[in-house]
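Chemist: Next input, structure requested:
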Amino acid sequence: MARGGGNRSRLLLVLLLVSSLFLITLDLRGVNLAGSIRSGVSTVISPVENLFSKLLSPIGNLASDVRNFGQSKKKIAELSKQVDELKAKQIIDEDTVGQLNQLKNVLDLAGRGGYKVVAARVINRGSTESFKETLTIDVGSSDGISRNMTVISESGLVGVIKSVGSNSSIVLLMSDPTFKIGVRIAGTQSIGVVSGQGGSTYLLQLLDATGEIKVGDTLVARGSQGGRPFVPGVPVGTVTTVQSNASSITQNADVTSSTNLEKLSIVAVVITPPNGDPRDSLVPKPRPTATVYITPSPTPTPSR
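Modeler: All right, here's what the predicted structure looks like:
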């Protein structure tokens, strides 16, 4: 009995830590906490769904915890450390940890871009009558979602909201053959259009006759009027191959997307665009190359 009580106590501690980490992080990012997170988190940890709903509802009680940004950052760091320790003890399963990490990372991207978002969980994937590549998320009109809102992941663009119900929405993925988005090559003013092709590769058509495409170029969304259907600055993809065709009027290239659409479980819907264009601030920075210096060992002097 004592052992069973200890396990329940540890589980309760985990729930309290995770829920606190969720709420503080979301509040700092200015994220809408409507039904999305209540339903998403409780589904992730289904055995304690009712307990999570109770923990997530009294958000106002945490106001004192997030008034001071420095203290909040410190608290997040402490909670993260404790969650890491619990992970090491295998108290939290890997799937839950993966979704927590995706949520944290997508909120970080949204915060850096100045996007106000509603987080959502992917609940289904498949085609509709009109589109080939779609997925369904667990937020809808009751959470402030409407058509033509941008959907992002922790890495960049996912797609756009095409259909909305009261508690769920259908996202048209950027891989759909009907999908097109205006982009800009990061670091330049060259503009073009990226089109889905129903698979893992995309087509870039450069519209700037004086521009140049290079392998490794990163593409970001130009943005639409009023931020719909696309907000500016979201990473879209990277050029992998430049197509050579002297008879073509435009320059074309093959592109891979910034987001792995096959491994999505947590996304975010941008409900309010940023006040200004984030430009290239969301483009992943290349990791610095580590330089290793090897000092040769002295050659031993042969003994006589």
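Chemist: Show me where this structure has its strands.
Modeler: Remark: strands assigned in the chain by DSSP state E are 116-125, 134-137, 150-152, 157-164, 169-173, 180-185, 191-196, 201-206, 218-221, 235-243, 251-257, 266-272.
Chemist: Poorly predicted segments of the chain, please.
Modeler: By pLDDT under 70, the low-scoring segments of the chain are 1-76, 78-79, 82-83, 86-93, 245-248, 286-304.
Chemist: can you list the domains in it?
Modeler: With domains defined by automatic domain parsing, the chain comprises 1-92, 115-282.
Chemist: okay, the strands of the chain, which one's buried deepest?
Modeler: strand 150-152 (a mean of 27; mean count of other Cβ atoms under 10 Å). Backbone N, C-alpha and C define where each C-beta goes, glycine included.
Chemist: Mind listing residues that contact that one?
Modeler: Here strand 150-152 makes contact (Cβ atoms under 8 Å, 6 or more residues apart in numbering) with 106, 109-110, 115, 117, 137, 157-161, 171, 221, 227-231, 234, 267-270.
Chemist: hmm, try it at 7 Å
Modeler: 106, 109-110, 158-161, 171, 229-231, 234, 267-270 (Cβ atoms under 7 Å, 6 or more residues apart in numbering).
Chemist: Can you list the buried residues in stretch 145-155?
Modeler: Neighbour counts over stretch 145-155 (16 or more other Cβ atoms under 10 Å) mark I145, M149, T150, V151, I152, S153, E154, S155 as buried.
Chemist: Quick one: end-to-end length of stretch 222-231, please.
Modeler: One end of stretch 222-231 to the other measures 7 Å (Cα to Cα, to the nearest Å).
Chemist: Repeat that for stretch 203-218.
Modeler: So stretch 203-218: terminal residues 13 Å apart, Cα to Cα.
Chemist: hmm, back to that, would you mind putting the strands of the chain into TSV with distance to D95 alongside?
Modeler: Formatted as TSV, those follow (distance: least, Cβ to Cβ, whole Å):
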stretch	distance to D95
strand 116-125	12
strand 134-137	18
strand 150-152	22
strand 157-164	20
strand 169-173	21
strand 180-185	31
strand 191-196	29
strand 201-206	29
strand 218-221	30
strand 235-243	26
strand 251-257	24
strand 266-272	11
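Chemist: For L100, which of those is the nearest?
Modeler: The minimum distance between L100 and the strands of the chain falls on strand 266-272, with 8.7 Å, by Cβ to Cβ.
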